[in-house]
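S.K.: generate coordinates for the sequence data below:
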Amino acid sequence: MIKQNLEKIKQQLPSNVQLVVVSKFRPIEQLLEVYETGQRELAENRVQEMVTKYEALPKDINWHLIGHLQTNKVKYIAPFVSLIHSVDSHELAQEINKQAIKNNRTIPILLQFHVAEEDSKFGLKPDEAEIVCKQILELPNIEICGIMGMATFTDNETQVRKEFKLLKDIFDNLKEKYFNNKENFNTLSMGMSSDYKIAIEEGSNLVRVGSLVFE
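M.R.: Numbers count the residues shown, from 1 in each chain. Model (predicted):
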C-alpha cells in the first residue's frame, strides 16, 4: 500500500510543493519501499534514529531533521543532513555553524516558529524573528532557506488557517527585509498528514507527511 498511498498524495500536490516523507519509527524495509518509488526526501525527529537509517539506506537520500535538536547532538548529523527544520535559537545555530565548518560544508536550515495554541518549549516567538534572523545571518556556514512551523492539532479549521497565515506573514516579512535578492530563501515548511491541504492553500511549499504514507 505504500506505493499507492504515495502516488495518491503526490497527485494531490501542486507542482511547486515538495513532499518530505516522515520516516520516524518506520522499519528499514518500509523505507526501502518508499525509496523504490523514487522518493528521496525523508525526515526524522531523533538524531540517533536518523544516523542509524542514514548508515543503512542508500546515500542519495536527502535527510531532513524535523524534531527538536540539542546542541550536543549536532555533530552526529552535520556530515550529511540535507536540511534542519528546527533551528529555534542563536545558540543552536552557532553550534550548527561550528560543526559545518568542521565538515567543510554549509548546512541549510529553517527557522522554527511556535504559533500553535499548545504548550511547547520549542520554536521562536513571532516577535523574535528579525532579531534571531540577523544574528544567524552573521554565521558563514549556515544558509537560512526559510521557516517551519506547526499548527495546533485541532478540528477547528479556522484556527489552523489563522496559524498558517501567521507563519506565511513571518516568511514574507523576512523575505522582504533580509532575503529579497536571495533565491535560496524559498521554503515555507508547514503542513502534516492532518492539515497539509490547508497548509498548501495558505502558502506552504513543503509538507511533512508520514502516517498517510504508511497507513
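
S.K.: can you give me the helices in this protein?
M.R.: If DSSP state H is used as the criterion, the helices of the chain fall at 2-12, 28-36, 47-56, 74-77, 90-102, 129-137, 157-178, 196-201, 211-214.

S.K.: what residues does the longest one touch?
M.R.: So that's helix 157-178. Defining contact as Cβ atoms under 8 Å, 6 or more residues apart in numbering, one finds that helix 157-178 is touched by 111, 113, 115-117, 126, 129-130, 133-134, 137, 146-147, 149, 151-152, 154, 185, 188, 190-191, 195, 198-199, 201-204. In short, each C-beta sits where N, CA and C put it, glycine included.

S.K.: can I get the helices of the chain in CSV including mean neighbour count and distance to residue 65?
M.R.: As requested, the helices of the chain are arranged in CSV below (neighbours: other Cβ atoms under 10 Å; distance: least, Cβ to Cβ, whole Å):
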stretch, mean neighbour count, distance to residue 65
helix 2-12, 14, 21
helix 28-36, 15, 16
helix 47-56, 16, 6
helix 74-77, 19, 6
helix 90-102, 18, 10
helix 129-137, 16, 16
helix 157-178, 17, 19
helix 196-201, 19, 19
helix 211-214, 18, 18
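
S.K.: looking at those, which is closest to residue 66?
M.R.: Smallest distance to residue 66 across those (Cβ to Cβ): 9.8 Å, for helix 47-56.

S.K.: just the CA trace of that closest one, in PDB.
M.R.: Presented in PDB, the C-alpha positions along helix 47-56 are these (Å, rounded to 0.1, in the frame of the first residue of the first chain):
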ATOM      1  CA  VAL A  47      19.200  12.200  15.800                       C
ATOM      2  CA  GLN A  48      20.200   8.600  16.700                       C
ATOM      3  CA  GLU A  49      17.400   7.100  14.500                       C
ATOM      4  CA  MET A  50      18.400   9.400  11.600                       C
ATOM      5  CA  VAL A  51      22.100   8.300  11.900                       C
ATOM      6  CA  THR A  52      21.100   4.600  12.100                       C
ATOM      7  CA  LYS A  53      18.900   4.900   9.000                       C
ATOM      8  CA  TYR A  54      21.500   7.000   7.100                       C
ATOM      9  CA  GLU A  55      24.000   4.200   7.600                       C
ATOM     10  CA  ALA A  56      21.600   1.500   6.500                       C
END
